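*Asks:* here's a sequence, model it:
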Amino acid sequence: MIDIRFLREQPDLVRENIKKKFQDDKLPLVDQVLALDAENRTTIQEAQDLRTARNTLSKQIGILMGQSKKDPSKLQEAEAVKAQVTANAHRLAELERREAELAEEIRRIMLVIPQMIDSSVPLGPDDSANVEAARFGEAVVPDFPIPYHTEIMDSFHGIDMDAAGRVAGSGFYYLLGDIARLHEGVLAYGRDFMIDKGFTYCIPPFMIHGNVVEGVMSFADMENMMYKIEGEDLYLIGTSEHSMIGRFIDQILPFESLPQTLTSYSPCFRKEKGSHGIEERGVYRIHQFEKQEMIVICRPEESMDWYEKMWRYSVELFRNMNIPVRQLECCSGDLADLKVKSCDIEAWSPRQQKYFEVCSCSNLGDAQARRLKIRARDESGKTYLPHTLNNTCVAPPRMLIALLENNLQADGSVIIPQVLQPYMGGKERLVPDKA
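*Replies:* Residues are numbered from 1 along each chain as shown. So this is what the prediction gives:
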């Protein structure tokens, strides 16, 4: 959500930004907002003039009523002024209703106009135009076949999707034994990794109100992702970023409190609409999963530095688990409407012999802060809108796919990376049950 003053002063830049995002159908919205804004400012000015006149006329009535004791004709003048005050009051009420209508209509449209993207974002209509920026680690294709990830898990008696289907339907799973333990070990390692980076560990609410949903994401994303609790103003979170940013709604953050560096654990719930190929079945795309997230709220001048730090944390974490990754710069058409800049960290899949997304790092500028009315004070006490950023730390079980495939051995065993061994009771290797 951009600043209405910026749109008013730089409408051509806003139009150009819409074109860069390949959303030409939204171009008419700029003129709509400008027309509504002009009417709104005229309405506000007329209402203010009537309030000023009301004070003047009220004083005039008092004077005339006092004079009427000596001059009865002044009573008639006072009644005429009273009639004018009554007419003005009716008009003021109309203007105030219209002002509220215009403000709501402007806000509704402004929520749809995309955030201004950073000049470094590559241009393109969709994810096919995303740009590989760097690779980290050697992408190896072993000389033995790699089974599908659910087959690897099943070799350790680590997954039961049939039972989950009977209990909850498709898109759910049971994890068992060492695979379940590995799942939790990855989350625990991600938590401790971020704590070591100076982040504060948090466990947030797993449900949020509708106004928080509106504050942290676009309508399209909400419809595609969020589950609503029937009969309640509550939504299940799709990521803990939602409730973590929502924590600061309507708050003014003191100067010394920034940056806020937080790492949060939560289950996540997503509709995952649409059909997907075979490689995205199993536990790749699911309705319920757990995730460790990283969130930063900072001064605007620091946000790009934090963006660089955050995606590099993901690279470091995955390389510590012997997983080759690459950084993929998201193009303009692949950016959600609130994002200024975003990149994906993709892990190497030896089975598919390609990379797939495991982390998404985003700088949202002041979009979420403006929507949620989050402000901060500078050293002089003046308030401003801080910037918000988020990035996936680890999100098993998808992340388990990369871990299992890249550490799988020819005999079917899986090497446990050294950083995870303390969370696995010291185990160095998982050995499948040949029976």
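*Asks:* name all residues that make contact with the residue lying closest to residue 429 once chain neighbours are set aside.
*Replies:* Closest residue in space to residue 429, ignoring its immediate chain neighbours: residue 413 at 5.2 Å, by Cβ to Cβ, 6 or more residues apart in numbering. For every residue, glycine as well, the C-beta is placed using N, CA and C. Residues in contact with residue 413 (Cβ atoms under 8 Å, 6 or more residues apart in numbering) are 429, 430, 431, 432.
*Asks:* for residue 413, grab phi and psi.
*Replies:* The phi and psi values for residue 413, taken as degrees, to the nearest 10, are phi -80, psi 160.
*Asks:* just residue 294 next, same as before
*Replies:* Main-chain dihedrals, residue 294, degrees, to the nearest 10: phi -120, psi 140.
*Asks:* what is it paired to in the beta sheet?
*Replies:* With DSSP bridges as the criterion, residue 294 is bridged to residue 263, residue 391.
*Asks:* I figured it hits residue 395, correct?
*Replies:* No: using Cβ atoms under 8 Å, residue 294 is not in contact with residue 395; the gap is 11.7 Å.
*Asks:* between these two, who's got more neighbours?
*Replies:* It is residue 294, of residue 294 and residue 395, that has more neighbours when counted by other Cβ atoms under 10 Å, with 28 against 22.
*Asks:* for that one, what are its contacts?
*Replies:* Residue 294 makes contact with 194, 199, 261, 262, 263, 310, 313, 390, 391, 392, 393, according to Cβ under 8 Å, 6+ apart.
*Asks:* would you format those as TSV with pLDDT, neighbour count and distance to residue 287 included?
*Replies:* TSV is the format used below for the contacts of residue 294 (pLDDT from 0 to 100; neighbours: other Cβ atoms under 10 Å; distance: Cβ to Cβ, whole Å):
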residue	pLDDT	neighbour count	distance to residue 287
194	98	24	26
199	98	20	28
261	98	19	30
262	98	22	26
263	98	25	24
310	98	24	27
313	97	22	28
390	97	27	21
391	97	27	23
392	95	26	18
393	94	26	21
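*Asks:* which one of those residues sits closest to residue 401?
*Replies:* The closest of the contacts of residue 294 to residue 401 turns out to be residue 392 (Cβ to Cβ; 14.4 Å).
*Asks:* how near is the closest one to residue 361?
*Replies:* Here residue 392 is placed at a distance of 8 Å from residue 361 (Cβ to Cβ, to the nearest Å).
*Asks:* with residue 325 instead?
*Replies:* On the measure of Cβ to Cβ, residue 325 and residue 361 end up 12 Å apart.
*Asks:* shared neighbours, these two?
*Replies:* 314, 345.
*Asks:* tell me which two of the contacts of residue 294 sit farthest apart.
*Replies:* Distances among the contacts of residue 294 were taken as Cβ to Cβ; the most separated pair is 261 and 392, at 15.5 Å.
*Asks:* low-confidence ranges, the stretch 1-150 of the chain, go.
*Replies:* Applying pLDDT under 70 to the stretch 1-150 of the chain flags the ranges 58-76, 78-79, 81.
*Asks:* what about the residue nearest to residue 57 when sequence neighbours are not counted, neighbour count?
*Replies:* What sits nearest to residue 57 in space, not counting adjacent residues and going by Cβ to Cβ, 6+ apart, is residue 85, at 5.1 Å. Around residue 85 there are 16 other residues, counting by other Cβ under 10 Å.
*Asks:* cool, and the one 10 residues further on?
*Replies:* Residue neighbour count, defined by other Cβ under 10 Å, stands at 20 for residue 95.
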